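J.: Return a 3D structure for these sequence lines:
(chains A and B)
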Protein chains: 2
Amino acid sequence: MPLLVMKFGGTSVGDLARIRNAAEKVKREVERGFDVIVVVSAMSGKTNELVGWVEQTSPLFDAREYDAVVSSGENVTAGLMALMLQEMDVPARSWQGWQVPLKTTSAHSAARIEDIPRANIDQKFAEGMKVAVVAGFQGISPEGRITTLGRGGSDTTAVAFAAAFDAVRCDIYTDVDGVYTTDPRIEGKARKLDRIAFEEMLELASLGAKVLQTRSVELAMRYKVKLRVLSSFEETDENSGTLVCDEEDIVEQNVVSGVAYSRDEAKMTLISVADRPGIAAAIFGPLAKAGVNVDMIVQNISEEGRTDMTFSCPVNQVPRAEDAMEKARASGEINFHGLVADTDVAKVSVVGIGMRSHAGVAARMFESLAAEGINIKVIATSEIKISVLIDRKYMELAVQALHDAFGLDKAA
Amino acid sequence: MPLLVMKFGGTSVGDLARIRNAAEKVKREVERGFDVIVVVSAMSGKTNELVGWVEQTSPLFDAREYDAVVSSGENVTAGLMALMLQEMDVPARSWQGWQVPLKTTSAHSAARIEDIPRANIDQKFAEGMKVAVVAGFQGISPEGRITTLGRGGSDTTAVAFAAAFDAVRCDIYTDVDGVYTTDPRIEGKARKLDRIAFEEMLELASLGAKVLQTRSVELAMRYKVKLRVLSSFEETDENSGTLVCDEEDIVEQNVVSGVAYSRDEAKMTLISVADRPGIAAAIFGPLAKAGVNVDMIVQNISEEGRTDMTFSCPVNQVPRAEDAMEKARASGEINFHGLVADTDVAKVSVVGIGMRSHAGVAARMFESLAAEGINIKVIATSEIKISVLIDRKYMELAVQALHDAFGLDKAA
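T.: Alright, predicted model coming up:
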């Protein structure tokens, strides 16, 4: 029997009416001939309520108890979903993480999945169960304690089940109907993509397009799980949503697939650093140790043995970065004249696997920004992405200009 | 290390402030030198919310899924209580039923405890844990599914742990400060009892004094667990509340310990039944099969081979009883002229192990009711209890008169 994994997020199971709606989608897949593993999140708001209680009880909480408390939200949804399916005459039962068992590391609140033995669930499928409803986001440690995978972990749970059970596909039901060429709130002509490559999705996710959790995409890429994003709140069929898949499965491909943005960036410049071998390590080592996620790095031309070093990081990590740099200066590890933080910037990126084989993408990007009078502060590139830092006030304009310049409103 | 079991009900852990208050009581016992097992209920209102969701989802629900959903409330409290204790520098951890493991039968929603292996919790005590916080009301079936013990099951969980771990005592913290000679809302002179025998507590519980769940008292009696009822909301010490204990542990003993009442009784009379051997079985067999809980039974003097048979049952079971009797008549099993239901009655009882050795209790009871002009409709007695059915309008008067007649406002 072919097996499908379906995942429903918090808003998709936010109340009993929505759980019913989700269950109807599951029933339809059973009628199409699938065995189904359904992965559910907590009803929306529940996890925040539980987290709030834990934080009020104990500011520096024991992560093992945090996990024991917070995982209960998913258990409730799993039981209710199983009951709803039974009401619809679909043989279903719920599975909590420890019952599967979904084995994880002991890194509480950020555990990694180690193994999903199939025996227990396979046996129930063999006995006639059509749907296994699995509480997402949770597992069991080698010590027998409940673990959670961190926020967004239900996506990862779903992909891991799809890999373990050789699912034909992993459908992620959410409150948007797919992945768009850019944010439709900024560019009205934004177009839903039918397909997108794993690599592109990873770049988009890390750039702040919060459709899928990054780890779930990485896992899907590694295990070749076909991942689909589609809406809980619309009629859907086998062509709905956006399929995240291998590059080879995409026939028609624009050079650029999407334009992403992030408002949460800050530009930091260390002025007049001694330019010597090892200076980058001396700067970025302490930053990494302090937990600063450095994104873009630019080193200016050296003059008289000194240079300016510019990097970007999330806005809320600026104080941490300043602190780390001052400490490194105080200890004599590095020497600089000043540290300037510009928090009034935004990052805009074009992403596309087509770039690998097409020259001129960067040039076209820079030209179209120049035509709008937008000054570029920092540039960073990867094989399938070009990012620029610009003044935050130009962000929307830049997104629209680039969407237009790369013809993203039209399919390839 | 001597071990104490402490149980906190739903109102005692109704919010974070109350959980803190309960944790302070636990800490005090740790400082007195006890290892402690704390059994917690769900925060008040949570279980009803979960039950509501289940019933709305599936009117004829799968009890296995009901248990999986409803047990989550206790898990939340257990984690929060462990965190609160850790904040107070008390080494604590939470235990869900399956982690202990608390092994039960497979009778979902009404499971019976089969075994509580001590190894896991004992090992943690040996490693320095001072408090094991156990989620009440839940266990694990032989099939590895979550079970619940039925409403009030957290009391039973607490007593079972006290038995399994040879606890010096099982303290049940609740919203009343002990067991009273009668309901203080009816008789202002009602007095808190320092001690009460298990047998008396069982009679009082089954008579509607809802301080302790009946099964928990039975279990405590069987395993000689000293059970104490005391208030979560007052300062308490080792003399607080009421100790439920073996008869031998009660030195000073009134003949009567308490006066109980129940408004939920109905009196049913089958008129002119053929008086033949086996007639009682022919009547009460069908009633039992129909799920009618018959309490008191009286057979009147037989005249010309026919008799009247009177019994009492809970008011809400009257339609079921009528239905069962009509069916038995239709099938020819029994024959009677009429069935009269009097739902305007109340049951008043005096309870006391002292009755065993004192004659004249019944006489004194009947005299004091007669002195108030109260007519007795049905009488039933056990070794330690005398119950009467009277008109409901006299109930409060009867309770007050009996409380006075047996001198219950004064200690023995």
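J.: Chain A against chain B: which residues are in contact?
T.: Applying CB under 8 Å from any CB of the partner chain, we find that chain A lies next to chain B at A:16, A:19, A:50, A:53-54, A:56-58, A:61-62, A:64-66, A:68-69, A:72-73, A:75-76, A:78-80, A:82-84, A:86-87, A:93-94, A:96, A:98-99, A:144-146. Using the backbone N, CA and C atoms, a C-beta is placed for each residue, glycine as well.
J.: what sits against the residue of the stretch 101-250 of chain A found nearest chain B?
T.: Here the residue of the stretch 101-250 of chain A nearest chain B is residue A:144; by CB to the nearest CB that distance is 6.3 Å. Applying CB atoms under 8 Å, 6 or more residues apart in numbering or on different chains to residue A:144 gives the contacts A:98, B:99.
J.: again, only using 10 Å
T.: Residues counted as contacts of residue A:144 (CB atoms under 10 Å, 6 or more residues apart in numbering or on different chains) are A:98, A:101, B:98, B:99, B:101, B:120.
J.: next one: residue A:324
T.: By CB under 10 Å, 6+ apart, residue A:324 lies in contact with A:283, A:284, A:285, A:286, A:287, A:288, A:289, A:290, A:291, A:292, A:317.
J.: out of those residues, which are buried?
T.: A:283, A:284, A:286, A:287, A:290, A:292, A:317 (16 or more other CB atoms under 10 Å in any protein chain shown).
J.: For the stretch 101-250 of chain A, which residues score under the pLDDT cut-off?
T.: By pLDDT under 70, the low-scoring segments of the stretch 101-250 of chain A are A:206-209.
J.: can you pull out the helices in it?
T.: With helices called from DSSP state H, counting those that start in this stretch, the stretch 101-250 of chain A shows them at A:119-126, A:153-164, A:198-206, A:214-222.
J.: And those: which comes nearest residue A:229?
T.: Residue A:229 lies closest, by CB to CB, to one member of those: helix A:198-206, at 8.9 Å.
J.: Check which helices and strands the closest one sits against.
T.: Applying 3 or more CB pairs under 10 Å, 6 or more residues apart in numbering or on different chains; DSSP states H and E, we find helix A:198-206 packed against helix A:214-222, strand A:227-231, strand A:242-245, strand A:258-262, strand A:345-351, strand A:385-391.
J.: Same question for the longest one: list its buried residues.
T.: Residues of helix A:214-222 classed as buried by neighbour count (16+ other CB under 10 Å): A:214, A:215, A:216, A:217, A:218, A:219, A:220, A:221.
J.: before we move on, what about stretch A:225-236?
T.: Those would be A:225, A:226, A:227, A:228, A:229, A:230, A:231, A:232, A:236, for stretch A:225-236 by 16+ other CB under 10 Å.
J.: now do the same end-to-end measure for it.
T.: Using CA to CA, to the nearest Å, one end of stretch A:225-236 lies 20 Å from the other.
J.: Find out how far it is from the centre of the chain, if you would.
T.: 16 Å (CA atoms, centre = their mean, to the nearest Å).
J.: dump the residue contacts of residue A:176.
T.: Contacts for residue A:176 (CB under 10 Å, 6+ apart) come out as A:184, A:192, A:209, A:210, A:211, A:229, A:230, A:231, A:232, A:233, A:241, A:242.
J.: and the gap between the residue nearest to the second one when sequence neighbours are not counted and residue A:231?
T.: Translated: residue A:192. Using CB to CB, 6 or more residues apart in numbering or on different chains and skipping the chain neighbours, the partner closest in space to residue A:192 is residue A:178 (4.4 Å). Distance, residue A:178 to residue A:231, using CB to CB, to the nearest Å: 8 Å.
J.: Could you name every residue contacting both of these two?
T.: Taking CB under 10 Å, 6+ apart as the contact rule, residue A:178 and residue A:231 both touch A:240, A:241.
J.: Quick check: which of the helices of the stretch 101-250 of chain A has the most neighbours on average?
T.: Ranked by mean neighbour count under mean count of other CB atoms under 10 Å in any protein chain shown, the helices of the stretch 101-250 of chain A are led by helix A:153-164, which reaches a mean of 27.
J.: between that helix and strand A:227-231, what angle do the directions make?
T.: Put simply, helix A:153-164 runs at 130 degrees to strand A:227-231, going by axes from the mean of the first three to the mean of the last three CA atoms, to 10 degrees.
J.: And helix A:153-164, how far out from the chain middle?
T.: In terms of CA atoms, centre = their mean, the centre of helix A:153-164 is set 13 Å apart from its chain centre.
J.: Okay, angle between it and helix A:119-126 too, please.
T.: Calculated by the same axes, to 10 degrees, helix A:153-164 forms an angle of 70 degrees with helix A:119-126.
J.: where does the stretch 301-412 of chain A have low pLDDT?
T.: Applying pLDDT under 70 to the stretch 301-412 of chain A flags the ranges A:412.
J.: for it, what spans make up the helices?
T.: Using DSSP H, counting those that start in this stretch, helices in the stretch 301-412 of chain A cover A:318-330, A:361-371, A:395-405.
J.: TSV for these, including distance to residue B:137?
T.: Below are the helices of the stretch 301-412 of chain A laid out as TSV (distance: least, CB to CB, whole Å):
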stretch	distance to residue B:137
helix A:318-330	45
helix A:361-371	62
helix A:395-405	54
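J.: Could you single out the most deeply buried of those helices?
T.: Note that of the helices of the stretch 301-412 of chain A, helix A:395-405 is the most buried (mean count of other CB under 10 Å), with a mean of 20.
J.: Tell me what angle it forms with strand A:345-351.
T.: Helix A:395-405 and strand A:345-351 are oriented at 20 degrees to each other (the same axes, to 10 degrees).
J.: what's helix A:395-405 packed up against?
T.: Applying 3+ CB pairs under 10 Å, 6+ apart, we find helix A:395-405 packed against strand A:258-262, strand A:345-351, helix A:361-371, strand A:385-391.
J.: can you tell which of those is closest to residue A:398?
T.: Using CB to CB, these put strand A:345-351 closest to residue A:398, at 4.6 Å.
J.: Tell me what angle that closest one forms with helix A:198-206.
T.: Going by the same axes, to 10 degrees, strand A:345-351 makes 170 degrees with helix A:198-206.
J.: for strand A:345-351, the distance to its chain's centre please.
T.: For strand A:345-351, the distance to the chain centre is 17 Å (CA atoms, centre = their mean).
J.: That one - contacts with which helices or strands?
T.: If you count contacts as 3+ CB pairs under 10 Å, 6+ apart, strand A:345-351 packs onto helix A:198-206, strand A:258-262, strand A:265-274, helix A:361-371, strand A:378-382, strand A:385-391, helix A:395-405.
J.: Which one of the ones you listed lies nearest to residue B:389?
T.: Per CB to CB, nearest to residue B:389 of the helices and strands packed on strand A:345-351: helix A:198-206, 72.5 Å.
J.: pull the CA atoms of that closest one into PDB?
T.: Extracted in PDB, the C-alpha atoms of helix A:198-206 (Å, rounded to 0.1, in the frame of the first residue of the first chain):
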ATOM      1  CA  PHE A 198      15.500  21.900  -2.300                       C
ATOM      2  CA  GLU A 199      18.500  24.100  -2.600                       C
ATOM      3  CA  GLU A 200      16.400  27.100  -3.500                       C
ATOM      4  CA  MET A 201      13.900  26.400  -0.700                       C
ATOM      5  CA  LEU A 202      16.800  26.200   1.800                       C
ATOM      6  CA  GLU A 203      18.000  29.600   0.700                       C
ATOM      7  CA  LEU A 204      14.500  31.100   0.900                       C
ATOM      8  CA  ALA A 205      13.900  29.500   4.400                       C
ATOM      9  CA  SER A 206      17.100  30.900   5.800                       C
END
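J.: Next, the angle strand A:258-262 makes with that helix.
T.: 30 degrees.
J.: got the contact list for the most far-flung residue of chain A relative to its centre?
T.: In terms of distance from the mean C-alpha position of chain A, residue A:304 ranks first, at 43.6 Å (CA atoms, centre = their mean). Residues near residue A:304 by CB under 10 Å, 6+ apart: A:272, A:275.
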